[in-house]
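K.L.:
Mind looking at a prediction? Sequence and model below.
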Amino acid sequence: VLALDPIIGAISAGNVVVIKPSDQAPACSSFLANTLPQYLDTNAIKVIEGGGDVCEQILLHKWDKIFFTGSPRVARIVMTSAARNLTPVTLELGGKCPAIFDHLSNPSDFKMAVKRIVGAKWGICSGQACIGIDYLLVEEKYSSEVIELLKKFIRKFYGDNMVESRVLSRIINKQHFERLCNLLKDPLVAASIVHGGSIDETNLFIEPTILLDPPLDAEIMTEEIFGPLLPVITVNKIQESIGFINSRPKPLTIYAFTKDDTFKRKIVAETSSGSVVFNDTLVQFLCDTLPFGGVGQSGFGRYHGKYSFDTFSHEKAVMHRHLCLEIEPRYPPWNKFKLEFIRLAYRLNYFGLVLHMLGLKKHN
């Protein structure tokens with residue numbers, strides 16, 4: 001989807017397209033390379049596979065537009081290459097997307113909110129999605145209740161023998177698996193695990209894992225997790241979550257579960273993110289009438305629906321004029337009459353212009 005969605009906008013805007021799928025997902029890359037030529041004009045749409053060396057060669061060429069989805073580290077390389085030719089760039093980079101959990105007094109609302117959090121965190125690629133929930137903010141007095149319900153839905157969705165589950169994704173590759181395992185090796189981080197934590201290296205499996213208040217300076221809280229690990233961060237008052245989010249790089253999405261309209265307005269007005277979603281998760285990605293994109297370290301530019309068409313288009317200004325009438329004050333030599341005419345026109349003072357042309361307005 002992340003590869004095909006922007007392609008639709010690029011093609012609809014009349015572009016030829018070169019697609020370079022990620023070598024971190026070889027099965028998906030091979031699928032695109034083998035399938036797209038069967039349905040699309042290979043003179044207009046090309047799929048090029050390969051690793052970093054291939055990317056370097058591609059970036060040496062001069063392009064009209066570069067659209068990149070990936071990590072901030074690689075995005076800096078892409079931008080550096082694009083700058084040589086002043087090529088415009090759209091970056092979709094993800095980030096640590098927080099979920100704010102305000103207290104919901106209605107038990108059914110409380111249950112539905114937790115259910116949606118579990119589905120968003122572990123149901124979509126086991127947390128390996130840029131719009132997935134990275135960490136959860138909740139008031140300390142409600143944290144135990146939230147965690148117990150999280151555990152309940154994890155068992156309901158994935159069963160007790162999760163390593164055998166067919167609906168729980170594995171980690172995409174060995175390198176990423178090792179990176180996630182290293183996040184848990186910090187003794188203080190390991191001590192904060194309240195659920196899960198088991199791993200199966202052979203199957204690249206990591207159990208859905210909940211951590212309660214891991215150290216805020218640990219890598220698990222400073223880098224995008226992109227995996228099945230969910231830190232739960234407690235605050236005294238849920239309004240403090242705004243300051244917590246603002247103290248960190250701008251996220252791609254902020255999720256907030258609350259019925260407090262005043263709090264909703266504060267979240268929208270006092271935070272910066274690519275999008276804000278209230279009382280649900282992930283659905284903003286499916287809505288093609290909303291722009292999708294980040295801000296700051298989570299990226300810049302937007303796409304989806306008509307926004308994709310606009311991203312891959314150039315709005316050329318075209319103006320047609322007649323040759324029959326002329327406005328003489330635009331030409332030198334300048335005098336008081338002409339300068340006053342220009343001042344009035346600049347201020348859109350049409351009544352003053354009429355008086356001026358009739359000689360009924362004195363010059364300043």
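P.N.:
Received the coordinates, thanks. Numbers count the residues shown, from 1 in each chain.
K.L.:
Select the longest helix from the chain.
P.N.:
Ordering each helix of the chain by length in residues (DSSP state H) puts helix 143-158 first.
K.L.:
what's next to it, contact-wise?
P.N.:
Defining contact as Cβ atoms under 8 Å, 6 or more residues apart in numbering, one finds that helix 143-158 is touched by 101, 110-111, 114-115, 117-119, 122-123, 136, 138, 165, 167-168, 194-196, 208, 210, 212, 230, 232, 234. Every C-beta, even on glycine, is put in place using the N, C-alpha and C of the backbone.
K.L.:
now swap in stretch 33-48 and tell me
P.N.:
7, 11, 16-21, 32, 49, 54, 58.
K.L.:
returning to what we had before: can you flag the buried ones in the contacts of helix 143-158?
P.N.:
101, 110, 114-115, 117-118, 122-123, 136, 138, 165, 168, 194-196, 208, 210, 212, 230, 232, 234 (16 or more other Cβ atoms under 10 Å).
K.L.:
Which ones among those residues map onto helices?
P.N.:
Going by DSSP H, the helices hold 110, 114-115, 117-118 from the buried ones among the contacts of helix 143-158.
K.L.:
Any regions of this structure where pLDDT drops low?
P.N.:
Within the chain, the set of residues satisfying pLDDT under 70 comprises 362-364.
K.L.:
Domain boundaries for it, per the record?
P.N.:
Domain assignment for the chain, taken from automatic domain parsing, gives 4-93+307-311, 98-291, 321-364.
K.L.:
deepest of the ones you listed, which one?
P.N.:
Highest mean neighbour count of those: domain 98-291, a mean of 18 (counted as mean count of other Cβ atoms under 10 Å).
K.L.:
Over to that one now: how far is its first residue from its last?
P.N.:
One end of domain 98-291 to the other measures 19 Å (Cα to Cα, to the nearest Å).
K.L.:
just how off-centre is that domain within its chain?
P.N.:
16 Å (Cα atoms, centre = their mean, to the nearest Å).
K.L.:
What of stretch 327-340?
P.N.:
On Cα atoms, centre = their mean, the centre of stretch 327-340 falls 52 Å from the chain's centre.
K.L.:
So what would you say the end-to-end distance of it is?
P.N.:
First-to-last residue span, stretch 327-340, Cα to Cα: 13 Å.
K.L.:
what ranges do the strands span in the stretch 101-250 of the chain?
P.N.:
For the stretch 101-250 of the chain, the strands defined by DSSP state E, counting those that start in this stretch occupy 135-139, 193-195, 199-200, 205-206, 209-212, 229-235.
K.L.:
Between those, which one is closest to Asn349.
P.N.:
strand 135-139 (54.1 Å; Cβ to Cβ).
K.L.:
Measure how that closest one sits relative to strand 229-235, angle-wise.
P.N.:
Angle of strand 135-139 versus strand 229-235, following axes from the mean of the first three to the mean of the last three Cα atoms, to 10 degrees, is 30 degrees.
K.L.:
So which residues make contact with strand 135-139?
P.N.:
By Cβ under 8 Å, 6+ apart, strand 135-139 touches 96, 98-101, 103, 117, 146, 221, 225, 230-238, 241, 244-245.
K.L.:
Partner strands of it and their direction?
P.N.:
Looking at strand 135-139 with DSSP bridges, its partner strands are strand 98-101 (parallel), strand 229-235 (parallel).
K.L.:
now those as JSON lines including distance to Leu323?
P.N.:
Output for the strands paired with strand 135-139, formatted as JSON lines (distance: least, Cβ to Cβ, whole Å):
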{"stretch": "strand 98-101", "distance to Leu323": "61"}
{"stretch": "strand 229-235", "distance to Leu323": "68"}
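K.L.:
Among the contacts of stretch 33-48, which lie within strands?
P.N.:
Judged by DSSP state E, those include 17-19 as members of strands.
K.L.:
Which one of those residues is nearest to Leu323?
P.N.:
Distances from Leu323 to those, taken by Cβ to Cβ, are shortest for Val17, at 42.0 Å.
K.L.:
how close does the closest one get to Leu36?
P.N.:
Going from Val17 to Leu36 by Cβ to Cβ, to the nearest Å gives 10 Å.
K.L.:
just to revisit the earlier point, can you tell which of the strands of the stretch 101-250 of the chain is closest to Glu340?
P.N.:
When those are ranked by proximity to Glu340 (Cβ to Cβ), strand 135-139 comes first, at 61.2 Å.
K.L.:
angle of that closest one against helix 143-158?
P.N.:
With the same axes, to 10 degrees defining the directions, strand 135-139 sits at 140 degrees from helix 143-158.
K.L.:
Tell me where the stretch 1-150 of the chain has helices.
P.N.:
4-12, 26-39, 52-59, 72-84, 107-118, 143-158 (DSSP state H, counting those that start in this stretch).
K.L.:
Any chance of a markdown table for those helices, columns distance to Val283?
P.N.:
A markdown table is the format used below for those (distance: least, Cβ to Cβ, whole Å):
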| stretch | distance to Val283 |
| --- | --- |
| helix 4-12 | 15 |
| helix 26-39 | 23 |
| helix 52-59 | 32 |
| helix 72-84 | 25 |
| helix 107-118 | 9 |
| helix 143-158 | 18 |
